[in-house]
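Student: below are the sequence and a predicted model for it; my questions follow.
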Amino acid sequence: MSQMPGLSDMRLVTLKNATIRHSGTPALDNIAFHIDKGEIVTILGPNGSGKSTLLRAIIGALPLSDGTLERAEGLRIGYVPQKLHIDPTLPLTVKRFLNLPVRISDSAAKAALTDAGVPGLINRQMTGLSGGQMQRVLLARALLSKPDLLILDEATQGLDQPGSAAFYQKIETVRTELGCAILMVSHELHVVMAASDRVICLNGHICCEGEPAQVASAPEYQALFGTGTHGTLALYRHEHDHSHDCAHDHAEPEHRH
Amino acid sequence: MTILDDFMVRAALAGIGVALAAAPLGCFVVWRRMAYFGDATAHASILGVALALSFDVSIFGGVLVTALLMAGTISVLSGRGYAMDTLLGVLAHSALAFGLVAVSFLQGVRVDLMGYLFGDILAVSRGDLAVVWSGAVLVLVLLWWRWSSLLTATLNPELARASGISPQREQLVLTLALAIVVAVAIKVVGVLLIAAMLLIPAATARAFSTTPERMAFLATLIGCASVIAGMYLSFNMDTPTGPTIVSTGTGFFIGASLLALLAKVWRS
């Protein structure tokens, strides 16, 4: 996928020498980053390594202390936050939420929910949803704007393993169907490694980046995550033209889903 | 002789004008947990009254400027080491105290302090009425125009950013609307009770609302009903009008809470 010709013409977001300081100390130091059309890029890193800070900078929610952020003209971003806290004083149905900020038709809202695997929630209150339902509704809303770039910030946090596997499966379908680029932060190394075109290993600065297999064998990656994950990784490294059902068949005995 | 010659009609129209703007804005105050922010802005306005009187400019202008200055001060000071409620508590009460001290310096003018603290709705002039309604219409237009963006920014600042909405700009819109409401409400309910006009109708409407729009609409109805019923009661019982309007609103709030509780018990 990342070898497609002419891809550099389809650059969506570019960060150059980006630095963000929180009261003097740099949270992100001299980051060079780009994402192209249709690419799936994953950011890995320990807690406090600046993953969310990087996403927020790309969204435009955090000003850069230094460096530049370039976005393609008219870039539409769909954003799925880690979790969405809704104040209990704010009454909000799923339908109304999907209509924010752009009004859509009821049929479009229903189709989006069905597509996200949660039909029938349309008149429910947002505060009454379970964690998994909430993530799927968030995804449905993010996709409604037909984004060029879908940004997921640890979107499966709080989901159980089948739930998160199903969620990532949905993400891959989204890429195939909409052709949008996907930028995600995740802790779930195996899923992430399997689905990504490119992995960026972050710890305040970019430690290493490249295709999943390259990154996994990089000493910087092993210093952060240990070699213990290496086995798991080897397990799930495979071509991207697989069908997801058989993706986990080549498992080592000690690893179970 | 027109209908506006009747002081009760002018008072009712002024009260309704304030309720129309305060109730939907109050919903945002509730959703964004800005209750103390509203209080601080309102309390600061007594300082605005003192300044307006000493420089001989319109009360509306003086209050508007101090309310905006107060909001600006809060934004600058927030996130600098004090908890937000501490900061707002300090600012709200010191603004009120400084305002009262400043008013005491105004020896040349006879100042009806109680009128500014608790409102003097029965003394609303035609000019006041024009100011109240212009302010109210301005606030409603502002809210109508920014509604979707305000709601998205209230829900989550990053979601707003991703949709190309600046949460800072929306915050500014709300601050401006709040300053206008404070400036027009001071005559009607007074400095100390403005926050009540914002919060009580919104809090009452919450139990019966499934969408933000419905909550804003119901809050507006409840706000207007409080004004009319409160004025009627105050007239018959010979009580101060501003506080009676707020008490009536509180009555609605208690009634609504009991109804909601009953409905919950009934369903289970």
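Tutor: It's in. Numbers count the residues shown, from 1 in each chain, chains lettered A, B, ... in the order given.

Student: contacting residues for the closest residue to chain B within chain A?
Tutor: With Cβ to the nearest Cβ, the shortest gap between chain A and chain B falls at A:Y79, namely 3.5 Å. (Each C-beta comes from the backbone N, C-alpha and C, glycine too.) The neighbours of A:Y79, taking Cβ atoms under 8 Å, 6 or more residues apart in numbering or on different chains as the test, are A:59, A:142, A:150-151, A:153, B:158-159, B:161-162.

Student: next, it: secondary structure please.
Tutor: Secondary structure assignment for A:Y79 (DSSP: H, G, I helix; E, B strand; the rest coil): strand.

Student: how near is it to A:L90?
Tutor: 19 Å (Cβ to Cβ, to the nearest Å).

Student: where does the stretch 51-200 of chain B dip in pLDDT?
Tutor: B:79, B:107-110 (pLDDT under 70).

Student: try the stretch 1-150 of chain A
Tutor: By pLDDT under 70, the low-scoring segments of the stretch 1-150 of chain A are A:1-9.

Student: picking that back up, tell me what the residue of chain A closest to chain B is bridged to.
Tutor: Beta-bridge partners of A:Y79, counted by DSSP bridges, are A:I151.

Student: identify each buried residue in stretch A:154-168, please.
Tutor: A:154-156, A:159, A:163-168 (16 or more other Cβ atoms under 10 Å in any protein chain shown).

Student: stretch B:236-249 now?
Tutor: So stretch B:236-249, judged by 16+ other Cβ under 10 Å, has buried residues B:240-249.

Student: could you report the neighbour count for B:V141?
Tutor: Look at B:V141: counted by other Cβ atoms under 10 Å in any protein chain shown, it has 11 neighbours.

Student: please apply the same query to A:S130.
Tutor: 12.

Student: related to what we said a few turns ago, quick check, nearest of the contacts of A:Y79 to B:S226?
Tutor: Nearest to B:S226, judged by Cβ to Cβ, of those is B:L159 at 34.1 Å.

Student: test my guess that that closest one contacts B:P167.
Tutor: No - checked against Cβ atoms under 8 Å, the pair B:L159 and B:P167 is beyond contact range at 9.5 Å.

Student: quick one, helices of the chain?
Tutor: The chain I'm using is chain A. Ranges of helices within chain A are A:51-59, A:94-98, A:106-115, A:131-144, A:161-178, A:189-195, A:212-217, A:219-225, A:228-236, based on DSSP state H.

Student: I was thinking of chain B, sorry if that wasn't clear
Tutor: For chain B, the helices defined by DSSP H cover B:7-31, B:35-55, B:59-77, B:84-105, B:113-118, B:126-155, B:157-162, B:167-185, B:194-206, B:212-237, B:241-267.

Student: give me whichever of these is most buried.
Tutor: Neighbour counts averaged per stretch over those are highest for helix B:194-206, at a mean of 28; criterion: mean count of other Cβ atoms under 10 Å in any protein chain shown.

Student: how about the residue of chain B found nearest chain A, nearest residue that isn't a chain neighbour?
Tutor: The nearest approach of chain B to chain A comes at B:A162, 3.5 Å away (Cβ to the nearest Cβ). Sequence neighbours aside, A:Y79 is the residue nearest to B:A162 in space, at 3.5 Å (criterion: Cβ to Cβ, 6 or more residues apart in numbering or on different chains).

Student: one more: B:L192?
Tutor: Using Cβ to Cβ, 6+ apart and skipping residues adjacent in sequence, the residue nearest B:L192 is B:L117, 5.3 Å away.

Student: get me the contact residues on the stretch 51-200 of chain B for chain A.
Tutor: Contacts of the stretch 51-200 of chain B with chain A, taken as Cβ under 8 Å from any Cβ of the partner chain, map to B:148-149, B:151-152, B:154-163, B:165, B:167.

Student: greatest separation within these: which pair is it?
Tutor: B:S148 and B:E158, at 16.5 Å, using Cβ to Cβ across these.

Student: picking that back up, got the helices of chain A as a markdown table, with distance to B:P212 columns?
Tutor: Listed next are these as a markdown table, based on distance: least, Cβ to Cβ, whole Å:
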| stretch | distance to B:P212 |
| --- | --- |
| helix A:51-59 | 23 |
| helix A:94-98 | 7 |
| helix A:106-115 | 16 |
| helix A:131-144 | 16 |
| helix A:161-178 | 28 |
| helix A:189-195 | 36 |
| helix A:212-217 | 43 |
| helix A:219-225 | 44 |
| helix A:228-236 | 44 |
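
Student: B:S54 contacts B:L106, doesn't it?
Tutor: Yes - the criterion here is Cβ under 8 Å, and B:S54 meets it with B:L106 at 5.9 Å.

Student: residues from chain A in reach of chain B?
Tutor: Counting by Cβ under 8 Å from any Cβ, the residues of chain A near chain B are A:56, A:59-61, A:77-79, A:81, A:84-87, A:89-93, A:96-97, A:100-103, A:125, A:145, A:151.

Student: pull out the buried residues from the residues you listed.
Tutor: Buried members of the residues of chain A next to chain B, scored by 16+ other Cβ under 10 Å, are A:56, A:59-61, A:77-79, A:81, A:84, A:86, A:89-93, A:96-97, A:100-101, A:125, A:145, A:151.

Student: quick check: the residue nearest to B:L192 vs A:D29, distance?
Tutor: Plainly put, B:L117 is 54 Å away from A:D29 if you go by Cβ to Cβ.

Student: now swap in A:C201 and tell me
Tutor: Distance from A:C201 to A:D29, by Cβ to Cβ: 14 Å.

Student: so which of the two has more stuff around it?
Tutor: Neighbours around A:C201 and A:D29, counted as other Cβ under 10 Å, are more numerous at A:C201. The numbers are 24 against 18.

Student: contacts only, for the closest residue in space to that one that isn't next to it in sequence.
Tutor: In space, and not counting its chain neighbours, A:C201 is closest to A:C207: 4.4 Å by Cβ to Cβ, 6+ apart. Taking Cβ under 8 Å, 6+ apart, we find A:C207 in contact with A:45, A:201, A:218, A:220-221, A:223-224.
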